[in-house]
Structure formats: structure tokens, C-alpha cells
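>>> just coords:
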């Protein structure tokens with residue numbers, strides 16, 4: 001498992017005093033209020049202030065004092081140390097831990113998760129097939145039988161998977 005977890009991406013500068021708008025990778029934006037430190041581009045910053053509004057998530061970082069400094073962070077991942085990350089409930093996982101997991105149908109490894117899309121109430125896993133091509137499927141409880149992020153393995157229900165999988169060459 002990685003030592004840090006990606007919790008968002010810097011979308012853009014906000015205003016002239018160095019505040020940044022975040023594109024969060026979380027289902028609860030209120031979690032940003034608890035951040036004390038973040039890492040962007042390998043540089044650690046103290047979080048001076050966080051605010052969450054209907055317009056988005058905004059952070060003011062110590063040492064990022066004007067729009068030009070904030071602009072240099074645009075598009076970069078916002079990471080936190082795993083021990084500083086929010087504790088997830090059972091059967092919940094960080095997207096960063098799902099990406100790279102090997103997919104199993106029974107005992108057969110057939111693909112690797114490349115992305116997790118969050119369009120609706122159910123995440124969509126996109127994977128690259130070992131034999132070439134891609135597959136996408138909803139991460140429904142009936143499809144995903146077991147996730148072991150420590151081992152990087154996800155076991156799928158073969159019959160339910162075959163009903164919902166969308167293959168691409």
C-alpha cells in the first residue's frame with residue numbers, strides 16, 4: 001500500500017491571496033476541514049484554512065501567498081500521509097488503493113484496475129485485460145465479492161460480472 005493517499009487535484013487558483021480550489025476525490029468534502037498538512041508535487045504544506053461551499057472546496061496553504069504561487073500548483077495531486085487520512089468505514093476503500101488491483105474471476109487473474117469513475121451512486125471500475133482490451137463494470141456488492149487492498153486483489157462473482165461487464169477492444 002502507498003504511504004500517501006490522493007484526496008484531490010488542484011483545479012485552479014482562487015482569488016489573489018494564494019487560495020486554491022480543489023477537485024476532491026472523496027464522497028464527503030467536510031473531511032477537508034480536518035487536514036493539517038498536504039503534499040503537492042512532493043512539497044509538504046501546512047493547511048492554514050479550509051472552506052467548503054456549494055461552489056467547491058478551497059484551501060489556503062502556508063507559503064502559497066499569491067495567485068502566481070497558487071497557479072504553479074494547478075493540475076497537481078493533493079496527497080496526505082496515510083496516517084493523516086480519514087479512517088474509512090469497513091468495506092470502504094481509497095480510490096488510490098483500488099487502482100492497480102488485480103481482478104479475479106474464480107482463481108483466474110484476468111485484468112488490472114486502471115481507473116475508478118464516480119458518475120452516480122455506484123462507482124465504475126475500468127480495467128485493462130491481460131489478453132488486451134478493456135472492460136468496465138459497476139462495483140456492485142453482487143459483482144464484487146471481496147477486496148483485499150493489502151494484497152492488491154479483487155475477486156468478482158463470475159455470473160454477475162458477465163451480466164454487467166462492458167468490453168472494449
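Cool, got the structure. Keep in mind that this is a model prediction, so the values were computed, not measured.
>>> partners of the helix or strand hosting residue 46 in the sheet?
Assigned by DSSP states H and E, residue 46 belongs to strand 43-53. Its sheet considered, strand 43-53 pairs with strand 37-40 (antiparallel), strand 56-61 (antiparallel) by DSSP bridges.
>>> out of those, deepest packed?
Highest mean neighbour count among the strands paired with strand 43-53 (mean count of other C-beta atoms under 10 Å): strand 56-61, with a mean of 21. Where C-beta positions appear, they are placed from N, C-alpha and C, glycine not excepted.
>>> pLDDT of that one, averaged?
The pLDDT scores in strand 56-61 average 96.
>>> ok so, going back, now the strands paired with strand 43-53 as a markdown table including distance to residue 135?
Below are those laid out as a markdown table (distance: least, C-beta to C-beta, whole Å):
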| stretch | distance to residue 135 |
| --- | --- |
| strand 37-40 | 33 |
| strand 56-61 | 32 |
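>>> give me the neighbour count for residue 9.
The local packing of residue 9 (other C-beta atoms under 10 Å) involves 17 other residues.
>>> ok, and the closest non-adjacent residue to it?
In space, and not counting its chain neighbours, residue 9 is closest to residue 23: 4.6 Å by C-beta to C-beta, 6 or more residues apart in numbering.
>>> and the helix or strand in which that neighbour is found with strand 43-53, angle?
Element membership for residue 23, per DSSP H and E: strand 19-24. Compare the direction of strand 19-24 with that of strand 43-53 by axes from the mean of the first three to the mean of the last three C-alpha atoms, to 10 degrees and you get 80 degrees.
>>> which secondary structure elements does the lowest-mean-pLDDT helix or strand in the chain sit against?
Least confident element among the helices and strands of the chain, by mean pLDDT, DSSP states H and E: helix 95-98 (a mean of 87). On a contact count with 3 or more C-beta pairs under 8 Å, 6 or more residues apart in numbering; DSSP states H and E, helix 95-98 meets strand 4-14, strand 108-117.
>>> wait, which of those strands is closest to residue 80?
Closest of the helices and strands packed on helix 95-98 to residue 80 is strand 4-14, at 5.6 Å (criterion: C-beta to C-beta).
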